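Below is the structure, and that's it, no one-letter string:
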């Protein structure tokens with residue numbers, strides 16, 4: 001089964017052709033970092049207009065790279081939320097037009113569900129259910145119990161700043177620019193993670209929820225102090241990163257103590273972080289539990305993960321109507337199949 005995926009939830013214009021939810025035949029993605037860098041963050045209206053300018057060419061490019069035509073695909077998958085409403089509308093409108101023109105089924109995909117299936121891409125080794133997914137990105141930090149393609153529940157989520165947001169804001173404090181998460185990771189590799197004792201959030205109620213706003217604030221106050229002014233930026237970055245990783249891996253350990261998961265899956269943009277990958281692999285080796293990490297190109301927003309998620313969704317025999325709309329606040333819980341969805 002060959003599906004065309006479209007992802008425009010934020011500022012990446014992405015299109016991919018994926019066979020059987022695993023084999024990526026083509027993946028095209030254009031980011032807008034250069035357009036937003038001078039503002040220090042994403043400007044929603046600019047993002048939406050760039051999608052309009054780029055999406056048609058991205059679809060043509062993906063089909064050409066895959067050596068196929070629209071008439072030869074089996075369906076169109078598109079991100080419907082959560083995300084920026086202007087960006088989502090562009091992708092959904094394009095997907096509906098393509099589905100109508102080709103008389104192919106349309107599949108609505110939750111962006112966060114897509115991230116969970118990124119680890120399935122270009123992989124021959126099956127990922128066993130149930131698994132625990134650590135989903136960490138610029139907008140989300142969640143621990144998700146995944147029992148099947150449409151059977152999943154959130155065990156813990158961020159109470160304030162997501163991990164990726166804390167990375168970007170700390171990078172800005174260190175003068176690393178935008179987006180700064182990857183730059184901070186590289187800087188931290190040269191520093192001492194034990195140089196500064198930044199705080200670690202530990203919920204008093206015993207929940208698996210996450211919080212990084214206090215850590216971000218602690219970094220700011222430290223840098224404004226006399227000691228902070230003299231500290232090496234690499235040490236600050238390494239100590240900040242160590243605090244984030246300690247919190248994330250402590251929640252993973254606690255989650256595995258509560259349920260018999262068979263694997264750990266990293267997902268989201270922060271899953272590309274080298275220190276997080278190393279921490280997950282070390283934990284995996286110590287516990288004897290497999291850890292699955294997507295290649296970096298599938299950690300960030302991409303359309304291949306959307307097509308992969310739709311493959312599993314379609315296996316249950318449902319399609320979405322051409323009246324489909326975008327939902328910027330779409331909840332994570334798997335309400336993937338619309339109440340008015342038509343059976344194939």
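Happy to help now that I have it. As the structure is a prediction and not an experimental result, all values here were calculated from the model. Numbering: from 1, shown residues only.

wait, isn't residue 23 in contact with residue 123?
No: contact criterion Cβ atoms under 8 Å: residue 23 and residue 123 do not qualify, at 9.6 Å. Using the backbone N, CA and C atoms, a C-beta is placed for each residue, glycine as well.

just the strands in the stretch 101-250 of the chain please.
With strands called from DSSP state E, counting those that start in this stretch, the stretch 101-250 of the chain shows them at 106-110, 131-136, 141-148, 151-157.

Now the first one: average pLDDT?
Translated: strand 106-110. For strand 106-110, the mean pLDDT works out to 94.

Roughly how far does the closest residue to residue 89 other than its chain neighbours sit from residue 269?
Distances taken as Cβ to Cβ, 6 or more residues apart in numbering put residue 326 closest to residue 89, at 5.1 Å, once the chain neighbours are dropped. Distance of residue 326 to residue 269, computed by Cβ to Cβ, to the nearest Å: 21 Å.

Just the buried residues of stretch 93-113, please?
Buried residues in stretch 93-113, counted by 16 or more other Cβ atoms under 10 Å: 93-96, 98-99, 102, 104-113.

Check stretch 321-335 too.
Buried residues in stretch 321-335 (16+ other Cβ under 10 Å): 324, 326-328, 330, 332, 334.

just stretch 216-234 next, same as before
216, 218-219, 222-223, 231, 233-234.

Please tabulate those in a markdown table, including the columns distance to residue 168 and pLDDT.
A markdown table is the format used below for the buried residues of stretch 216-234 (distance: Cβ to Cβ, whole Å; pLDDT from 0 to 100):
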| residue | distance to residue 168 | pLDDT |
| --- | --- | --- |
| 216 | 10 | 93 |
| 218 | 16 | 97 |
| 219 | 12 | 97 |
| 222 | 18 | 98 |
| 223 | 16 | 97 |
| 231 | 20 | 97 |
| 233 | 16 | 97 |
| 234 | 18 | 98 |
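
could those residues go into a markdown table alongside distance to residue 303?
A markdown table is the format used below for the buried residues of stretch 216-234 (distance: Cβ to Cβ, whole Å):
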| residue | distance to residue 303 |
| --- | --- |
| 216 | 31 |
| 218 | 37 |
| 219 | 34 |
| 222 | 40 |
| 223 | 38 |
| 231 | 41 |
| 233 | 36 |
| 234 | 36 |
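
Show the backbone phi and psi for residue 201.
Here is the backbone geometry of residue 201 (degrees, to the nearest 10): phi -80, psi 130.

right, and it touches residue 217 too?
No: counting by Cβ under 8 Å, residue 201 does not reach residue 217; the two are 11.6 Å apart.

Using the three-state scheme, assign residue 24.
State at residue 24, reduced to three classes by DSSP: H, G, I helix; E, B strand; the rest coil: strand.

tell me the contacts of the nearest residue to it once chain neighbours are set aside?
Once flanking residues are discounted, residue 24 sits nearest to residue 304: 4.9 Å by Cβ to Cβ, 6+ apart. Counting by Cβ atoms under 8 Å, 6 or more residues apart in numbering, residue 304 makes contact with 5, 16, 18, 24, 27, 118, 121, 298.

Check what contacts stretch 168-175 and list those residues.
Applying Cβ under 8 Å, 6+ apart, the set of residues contacting stretch 168-175 is 40, 138, 161, 177-181, 183-184, 187, 216, 219-220, 223, 233, 236-237, 240.

Buried among those? Make that a PyMOL selection.
The PyMOL command for the buried members of the contacts of stretch 168-175 (criterion: 16+ other Cβ under 10 Å) is given here:
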select buried, resi 138+161+178+179+180+181+183+184+187+216+219+223+233+236+237+240
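
The contacts of stretch 168-175 in helices, which ones?
Those of the contacts of stretch 168-175 mapping onto helices are 181, 183-184, 187, 216, 219-220, 223, 233, 236-237, 240, per DSSP state H.
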